[in-house]
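1. predicted coordinates and the sequence they were generated for:
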Amino acid sequence: MTSTTTSTAIAVRGLRKRFGEKVVLDGVDLDVPERSVVALLGPNGAGKTTIVRILATLLHADGGSATVAGHELATDPRAVRGAIGVTGQFAAVDNLLTGEENLLLMGRLQHLGRTQRARRATELLDRFDLAEAARKPAATYSGGMRRRLDLAMSLVGEPRVLFLDEPTTGLDPRSRRTLWEIVRDLVSGGVTVLLTTQYLEEADQLADRIAVLDHGSIVAEGTPRELKRRVPGGHVNLTFADRAALHGAAHALGRPVPDVRDDDSAFALRVPGTPGVHGLKELLSTLDAAGVEPDELSVHHPDLDDVFLSLTGDSDRTEATA
C-alpha cells in the first residue's frame, strides 16, 4: 500500500488484545494528528505498552485495525516499520559498543549505505550533545546520556512517527527536562509522537492531547486543559493568624468551622470553587466587611493528578507485556 497524505499520523479503530483469559485491550479507538504529541496515561496494566507494541509491529492484535503514517498495520507492516522509531522503557543500547558504534550498527540495520550511516551518526551525536563521548563505551555513560543515545538510535532512519514508551523512567529532573526539549524540537521538525508515561507533569508539559486508558479502554480524551475542567476539586485556601480570625472568616463565608488544634502552625479554611479575579475580589470584600484579613491566599486548580485519580482505578496492576 502506498503512503497517503493525511492529517492523521495514527488511526486506531476497535483494537483488541487478550493474553489468555485477561483482556488487555477492549476496543480502543485513537487518533494521533500529524506533528503532535499524544500521551497515553493509565495505571500499570491498563494496556499502554501493549498499544505501542502492536502499533510498532512487535505484537499482533486480536481484532480491530490501525494505520500508521498512512500504511495499514495488518497488510503492510514492513512499510510501517520503515516509517517509525521506537524508544522503550529500558535503553536498547549495547554497553560494549561506543556511542558512535551503536548508531552505526543501527544504520546498518536500517540498510543505510556506509557514507549515509556515518553522516547520520555524526549528525545525531552532535544533535544530542554526545560528540565528546562518541568513542567511549556506552557502559560509561550516565543515565541521561544513555537515554539520549537510545532516542538518537530510534531516529537513525528519520522516522515520521516516534513511539516513546516511558522514555524518562529513572532519569533525574534535569535529564528529564533535557529530553522534553528534544521531543519538542522533533515535533517542530515534523515528527509525530505517541508517548506513554507515568509522570503526569511530563504529559502536562509535552502533550497536545491526552488519552486516559483504564482496564483496556480509553475512558477520557482531550487536551490537558479540557481534562482538568472535567474534574471537580478546585478550591481557594485561606490561612489566618489565629483561631478567632478563622472562626470569623468561616462565619462570614457561611462555611463550617474547621477542627484545628491549638498547636497547629496554620489556621486554614478551604472554600470550594476556583473563582476568577472578580470572584476573589468579592470573597476578600466579604472578609473585609467582617473585619477579617487572611495571612495567605492560594487558589488550587484541578491538575492531572486529580484527573488520573478520578478517572482510573486505584488497584496496583502490572502490565501484561514488557
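-> Received, thanks. All values reported here derive from a predicted model rather than from experimental measurement. Numbers count the residues shown, from 1 in each chain.

2. relative to the strand or helix carrying Ser65, what are the paired strands and their orientations?
-> In this structure, Ser65 sits in strand 63-68 according to DSSP states H and E. Partner strands and pairing direction for strand 63-68 (DSSP bridges) are strand 8-19 (antiparallel), strand 71-72 (antiparallel).

3. list the buried residues in it.
-> For strand 63-68, burial by neighbour count (16 or more other CB atoms under 10 Å) applies to 64, 66-68. C-beta: built from backbone N, CA, C; applies to glycine.

4. include distance to Asp295 when you put those into CSV, please.
-> What follows is the buried residues of strand 63-68, written out as CSV (distance: CB to CB, whole Å):
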residue, distance to Asp295
Gly64, 57
Ala66, 56
Thr67, 58
Val68, 55
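
5. and those residues, which is closest to Ala250?
-> Using CB to CB, Gly64 is the member of those that lies nearest Ala250, at 54.5 Å.

6. so that closest one sits against Ala11, correct?
-> No: the pair Gly64 / Ala11 is not scored as a contact, 10.9 Å apart, by CB atoms under 8 Å.

7. out of the strands paired with strand 63-68, flag the one nearest Gly279.
-> strand 8-19 (40.3 Å).

8. now do the contacts for the most centrally placed residue in the chain.
-> When the chain is reduced to its mean C-alpha position, the nearest residue by CA atoms, centre = their mean turns out to be Ala203, at 3.2 Å. Remark: with contacts taken as CB atoms under 8 Å, 6 or more residues apart in numbering, Ala203 is in contact with 39, 41, 195, 197, 210, 224, 304.

9. which parts of the stretch 1-150 of the chain are helices?
-> Under the criterion DSSP state H, counting those that start in this stretch, the stretch 1-150 of the chain carries helices at the ranges 48-55, 77-83, 99-109, 114-127, 143-154.

10. gap between the closest residue to Ala268 other than its chain neighbours and Leu269?
-> In space, Ala268 comes closest to Thr239 once its chain neighbours are excluded; the distance is 5.0 Å by CB to CB, 6 or more residues apart in numbering. Going from Thr239 to Leu269 by CB to CB, to the nearest Å gives 8 Å.

11. go on, Leu30?
-> Computed as CB to CB, the Leu30 to Leu269 distance reads 43 Å.

12. now do Val23
-> 47 Å.

13. tell me which of these two has more neighbours.
-> In this comparison of Val23 against Leu269, neighbours counted by other CB atoms under 10 Å, the higher total goes to Leu269 at 23 against 17.

14. how about the more buried one, what does it touch?
-> Leu269 touches 237-240, 246, 249-250, 253, 255, 258, counting by CB under 8 Å, 6+ apart.

15. repeat for Gly170
-> If you count contacts by CB under 8 Å, 6+ apart, Gly170 has them with Gly143.

16. roughly how far does it sit from Arg16?
-> Distance from Gly170 to Arg16, counting by CB to CB: 32 Å.

17. report the beta-bridge partners for the residue nearest to Arg209 when sequence neighbours are not counted.
-> Beyond its immediate neighbours in the sequence, the residue positioned closest to Arg209 (CB to CB, 6+ apart) is Val38, lying 5.0 Å away. For Val38, the beta-bridge partners are Leu194, Arg209 (DSSP bridges).

18. alright, calling it a day.
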